[in-house]
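Asker: Sharing a sequence plus its predicted fold:
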Amino acid sequence: MKNTVSGNFPAAARIGIGGPVGSGKTALIERLIPALEGRGIGVAVVTNDLVTREDAERLKASGLINPNKVRAVETGACPHTAIREDPTLNIQAADELVNLFPRTGIVIIESGGDNLASTFSLDLVDYWLFVIDAAGGDDIPRKKGPGIVRSDLLVINKTDLAPYVGSDLEQMKVDAIEVRGDRPIVLTNCASGDGIEAIIDHLSQSVLFDA
């Protein structure tokens with residue numbers, strides 16, 4: 001966690017969530033918000049989309065979070081540009097949220113849907129997750145994109161769909177372990193909430209907030 005403070009409160013940890021379009025990034029955030037808030041950890045969210053505010057509006061309408069604690073960044077270019085090459089807009093949005101809501105413990109920064117090369121600047125986030133989904137094919141971990149290899153936590157989502165599309169979930173896990181070494185992996189089904197507590201545990205251990 002960054003060692004700055006806001007008022008009398010510790011600085012909020014900034015957690016990046018990236019992954020391809022449709023992998024379940026927003027669905028994951030919708031599960032994380034109540035799980036974190038239930039532990040007394042205030043959450044704010046910054047979303048990134050090319051030229052829309054689709055994900056931000058979905059979260060604002062969800063009833064899970066105060067709509068004022070959600071900010072939208074319209075990148076106008078490849079999504080990774082605003083989270084890696086020049087994260088200024090995201091840094092500003094996160095700072096604004098923390099200043100407005102100083103009890104915020106975590107700012108979640110959701111990338112726009114991008115390919116396996118998506119990574120986060122460490123000037124922007126303290127820890128980042130990369131989400132892939134079992135329905136996209138069991139060969140995804142073997143493609144070794146930077147998001148899969150370098151992320152702090154790899155999330156393999158939509159595990160419930162694997163049997164319906166012929167994906168070998170166990171092989172996906174084996175392949176992910178092979179390319180990631182000792183970096184952690186969590187299998188999730190965001191539709192049911194399976195695996196969410198495991199993600200919370202990793203965040204608790206790695207980002208140094210009280211949970």
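Answerer: Thanks, I have the structure now.
Asker: what about the helices in the chain?
Answerer: 25-37, 54-61, 79-80, 88-100, 146-150, 162-165, 169-180, 196-206 (DSSP state H).
Asker: Go through these and name the closest to V73.
Answerer: With C-beta to C-beta, the closest approach to V73 among the helices of the chain belongs to helix 88-100: 4.9 Å. To be clear about C-beta, it is placed using only N, CA and C from the backbone, and glycine gets the same treatment.
Asker: Would you mind listing the buried residues in that closest one?
Answerer: For helix 88-100, the neighbour count (16 or more other C-beta atoms under 10 Å) marks L89, N90, I91, A93, A94, L97, V98 as buried.
Asker: pLDDT and distance to S118 added to the residues you listed, as CSV?
Answerer: Converted to CSV, the buried residues of helix 88-100 look like this (pLDDT from 0 to 100; distance: C-beta to C-beta, whole Å):
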residue, pLDDT, distance to S118
L89, 93, 16
N90, 95, 13
I91, 96, 18
A93, 96, 18
A94, 97, 18
L97, 97, 22
V98, 97, 24
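Asker: coming back round to it: right, and the helices of the chain - which one's nearest L187?
Answerer: By C-beta to C-beta (comparing all of the helices of the chain), the closest turns out to be helix 169-180, at 6.7 Å.
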